[in-house]
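# show me the folded form of this:
(one chain, ligands or ions: 1)
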Amino acid sequence: MLVDMRATHVPVLAGELIDLARPRAGETAIDGTFGGGGHARLVAEKLGSAGTLIAIDRDPVAHERFDELADEVAATSRFVQSSFADALQDLAADGDQADLVVLDLGMSSLQLDERSRGFAYSASAPLDMRMDPTQELTAAEVVNTWDERRLARALREYGEERYAARIARAIVRRRDRHPLETTDELVDTIVTAIPTPAQFAGGHPAKRTFQAVRIVVNDELAQLDRALPAAWALLREGGRLAVISFHSLEDRRVKRFMVDRARGCICPPDLPVCGCGRTPEADLVTRRAVMATPGEVAANPRASSARLRIARKRSA
Ligand SMILES: C[S@@+](CC[C@H](N)C(=O)[O-])C[C@H]1O[C@@H](n2cnc3c(N)ncnc32)[C@H](O)[C@@H]1O
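Numbering: from 1, shown residues only. Okay, the predicted model is just below:
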């Protein structure tokens, strides 16, 4: 499928998502990460006037984008401004059902490009990083109040940062003199904390710390852990769950969730007959994660780490 590259936000793996998840006329689709609406627009075009699109995002900027899209697509549509974990759980509790749930995880290019929000290590801005600007926890609070061990653990676990302990120590030393207030103060602290050769290897030296702090501020992994079962509960028979993730912490969770649902009997292999009675609930539409083509990565470097996985719900 060809994707219109003139759109302001270029959705990642969009052709693959549409070809494999196959939204159809009259279906109900939920986009849990509406962002700039790139995927939602393509999905809504397939749903047509008999279809329904439910868009979720916790960022009010996404709500503005949704209002523009709602006027242009034929499908019935509504926006829920909320975390996707809460929204999906609420929809399931209300008895809503869907044929497709899409999650395109992480931050949007709109958030990254809006310098004042503090997501980018390349721009000077207040240490914020909140997707929902009404939430209390900010990057500044994490960086200035978490104790050294907790900071180091977060950088190691969520950023897979090799120099987590050094960076955490440098942050604590610096904030003892004055609280860190801006992204460039954090970048400067990271750069001075790591050995000189590491400053020039493996991408920008602040990349992993920024990822870790962003995951903490937005509680991203707990959100995903709650959202996957809620999304699954919402799906009708034949419904598809499609998730695009951008780092191994997310992809591992998505893979485990889908593979677990596609697994039948879990009895020990030496048991002569099945005692668990478990049958697969899912078919894996993608046996392996689908990755962007070199052409897409060349046009949109963010796509290089994207992984798409899709599972289809079987009949009960
Ligand atoms: C990668 S962008 C999605 C881009 C979108 N697919 C598009 O084509 O424009 C991720 C979006 O999901 C939102 N988001 C991330 N985690 C969220 C969560 N737990 N609850 C609600 N929205 C979330 C972010 O605010 C951001 O707008």
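# what distance do you get for the closest residue to Ala44 other than its chain neighbours to Ala14?
In space, not counting the residues next to it along the chain, Ala44 is nearest to Val73; the distance is 4.0 Å by CB to CB, 6 or more residues apart in numbering. Quick note: C-beta positions are derived from backbone N, CA and C, even for glycine. If you measure Val73 against Ala14 using CB to CB, to the nearest Å, the figure is 15 Å.
# looking at the two, which is more packed in?
Between Val73 and Ala14, counting by other CB atoms under 10 Å, Ala14 is the more crowded of the two (24 against 19).
# these two touch, right, that one and Leu42?
Yes. With contact defined as CB atoms under 8 Å, Ala14 and Leu42 form a contacting pair (5.7 Å).
# which ones are touching Ala29?
Taking CB atoms under 8 Å, 6 or more residues apart in numbering as the contact definition, Ala29 lies against 23, 43-44, 47, 51-54, 98-102.
# can you redo those as CSV with pLDDT, distance to Arg149 and neighbour count?
Formatted as CSV, the entries for the contacts of Ala29 read as follows, by pLDDT from 0 to 100; distance: CB to CB, whole Å; neighbours: other CB atoms under 10 Å:
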residue, pLDDT, distance to Arg149, neighbour count
Pro23, 98, 46, 24
Val43, 98, 44, 28
Ala44, 98, 47, 25
Leu47, 98, 49, 24
Gly51, 98, 50, 24
Thr52, 98, 48, 18
Leu53, 98, 45, 27
Ile54, 98, 42, 23
Ala98, 98, 42, 23
Asp99, 98, 46, 24
Leu100, 98, 43, 30
Val101, 98, 37, 28
Val102, 98, 38, 29
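# helix or strand: which one has Leu228?
Using DSSP states H and E, Leu228 maps to helix 220-234.
# what packs against the helix or strand just after that helix?
Using DSSP H and E, the helix or strand that follows helix 220-234 towards the C-terminus is strand 235-245. Under the contact definition 3 or more CB pairs under 8 Å, 6 or more residues apart in numbering; DSSP states H and E, strand 235-245 sits against helix 14-21, strand 98-104, helix 220-234, helix 248-262, strand 307-313.
# what residues sit buried inside stretch 215-225?
Of the residues in stretch 215-225, 215-218, 220-221, 223-224 count as buried by neighbour count, 16 or more other CB atoms under 10 Å.
# wait, does that stretch contact the ligand?
Yes. Contact of stretch 215-225 with the ligand is found when judged by CB under 6 Å from any ligand atom, involving Gln223.
# and the average pLDDT for that stretch is what?
Model confidence over stretch 215-225, given as mean pLDDT, is 98.
# now do that stretch: everything it contacts.
Among residues not part of stretch 215-225, those counted as contacts by CB under 8 Å, 6+ apart are 83-85, 103, 105-106, 129-132, 137-139, 142, 154, 158-159, 214, 249-250, 253-254.
# for the ligand, tell me which of the residues you listed show up nearby.
Filtering the contacts of stretch 215-225 for proximity to the ligand by CB under 6 Å from any ligand atom leaves 83-85, 106, 131.
# which residues does Lys313 bridge with?
Taking DSSP bridges, one finds Ala282 as the beta-bridge partners of Lys313.
# could you pull up the residues touching it?
By CB under 8 Å, 6+ apart, the contact set of Lys313 is 232, 235-241, 281-282.
# give me the buried subset of those residues.
With neighbours counted using 16+ other CB under 10 Å, these contain these buried positions: 232, 235, 239-241, 281-282.
# quick revisit: per-residue confidence for the residue nearest to Ala44?
Model confidence at Val73, given as pLDDT, is 95.
# kindly report the same for Gly36.
Here, the pLDDT recorded for Gly36 equals 96.
# so which strand or helix has it?
Taking DSSP H and E as the definition, one finds Gly36 inside no helix or strand.
# also Thr192?
Following DSSP H and E, the helix or strand that holds Thr192 is helix 183-193.
# pull the residues that contact stretch 38-48.
Counting contacts by CB under 8 Å, 6+ apart, the residues touching stretch 38-48 from outside are 3, 7, 9-11, 14, 17-18, 22-29, 31, 34, 51, 53, 55, 66, 69, 72-75, 77, 100, 102, 104.
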